[in-house]
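> A predicted structure for the sequence below; I have some questions about it.
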Amino acid sequence: MFITFEGMDGCGKSTQLSRFEATLKERGISLIVTSEPGGTKIGQAIRKILLDVDNTHIAPLAELFLYQADRAQHVSEVIKPALEAGKWVICDRYYDATTVYQGIVLEHPARQTAGGYEKLIEQLNYEASLGCEPDITFLLDCPAEISLKRIKRRDKTDKKMDRFERKSLDFHIKIRYGYLALANKHKDRFQIIDSTLHEDHVAKKIREIISPYLPVS
């Protein structure tokens, strides 16, 4: 099984992913937990460039290609070998994040050319992922106002917030609705979870969804 967790910054992904990992381990499932960007040594170097608050001038296409370079290395080095070995792979963000952040939300002149930019991202996602598509994607959804409050509560000073966390409320609102639009397009794969609920309730809903795929204890 290949399972991804998606959502805005501050939506609770890290907390739920950690609890999900514990649930799977309790059931004796062999797994790896990884993330994008930065799931490999090469990816960690790329991540520093992408999230550096001083890199506000990064060109949109450069940003897109960096994410795809990170993914190509990640899938080749970590994800694909694990899946081929029969392990479950749990990933914090994957190509859906690129589709939303760099595709749906990002303003770029190439978007005016009959959907050419979206097609480019779709093609690059496919090539970089080597065809590895998630079986289930958990989208942790909450209003942007709540996610920003969580980010600020977690990081007491702006110096700790990365380049995307520092963006405006309007940007985060677009991210949320970009994810919801994508989930509506891929209903067979996405599971939308209301992350405004208490974390115990969120974890319970995720367990209920994954329950049919777990070995009988």
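Nice, I can see it.

> what are the buried residues along the helix or strand of the chain with the lowest mean pLDDT?
Among the helices and strands of the chain, helix 144-154 carries the lowest confidence by mean pLDDT, DSSP states H and E, at a mean of 79. Buried residues in helix 144-154, counted by 16 or more other C-beta atoms under 10 Å: 144, 146-148, 150-151. (Each C-beta comes from the backbone N, C-alpha and C, glycine too.)

> repeat for stretch 53-68
Under the neighbour-count criterion of 16+ other C-beta under 10 Å, stretch 53-68 has 63-64, 66-68 buried.

> quote the end-to-end distance of that stretch.
20 Å (C-alpha to C-alpha, to the nearest Å).

> let me see the mean pLDDT of it.
Here stretch 53-68 scores 90 as its mean pLDDT.

> change the start of the numbering to 49 and stick with it
Okay, using 49 as the starting number, the last item reads as stretch 101-116.

> how far does that stretch sit from its chain's centre?
17 Å (C-alpha atoms, centre = their mean, to the nearest Å).

> look up phi and psi at the residue nearest the centre of the chain.
What sits nearest the mean C-alpha location of the chain, by C-alpha atoms, centre = their mean, is Arg141, with 1.9 Å. Per-residue torsions, Arg141: phi 80, psi 150 (degrees, to the nearest 10).

> OK, contacts around it?
52-54, 61, 83-85 (C-beta atoms under 8 Å, 6 or more residues apart in numbering).

> if we use 10 Å, what do you get?
Contacts for Arg141 (C-beta atoms under 10 Å, 6 or more residues apart in numbering) come out as 52-55, 61, 82-87, 115, 119, 148-149.

> per-residue confidence for Asp203?
The score at Asp203 is 59. That number is its pLDDT.

> would you map the strands across this structure?
Secondary structure of the chain by DSSP state E: the strands cover 50-54, 79-83, 136-140, 184-189, 238-242.

> tell me what the last one is packed against?
Strand 238-242 is packed against strand 50-54, strand 184-189, helix 217-233, helix 247-258, with contacts defined by 3 or more C-beta pairs under 10 Å, 6 or more residues apart in numbering; DSSP states H and E.

> now that strand: how far from the chain's centre is it?
The answer for strand 238-242 is 13 Å, by C-alpha atoms, centre = their mean.

> thought Ile97 was touching Ala110, still the case?
Yes: using C-beta atoms under 10 Å, Ala110 is in contact with Ile97, at 9.2 Å.

> who touches both of the two?
Contact criterion C-beta under 10 Å, 6+ apart; residues shared by Ala110 and Ile97: Asn103.

> what pairs with Asp189 across the strands?
Per DSSP bridges, the residues bridged to Asp189 are Asp242.

> what does the least confident helix or strand of the chain rub up against?
55-60, 62, 188-191, 206, 208-210, 212-225, 243-244.

> re the thing from before, relative to Lys233, which of the contacts of Arg141 is nearest.
Val148 (11.3 Å; C-beta to C-beta).

> residues in contact with the closest one?
Val148 makes contact with 54-56, 141, 154, 169, 222-230, according to C-beta under 10 Å, 6+ apart.

> how about stretch 215-226: buried residues?
Buried, per 16+ other C-beta under 10 Å, within stretch 215-226: 215, 220-224, 226.
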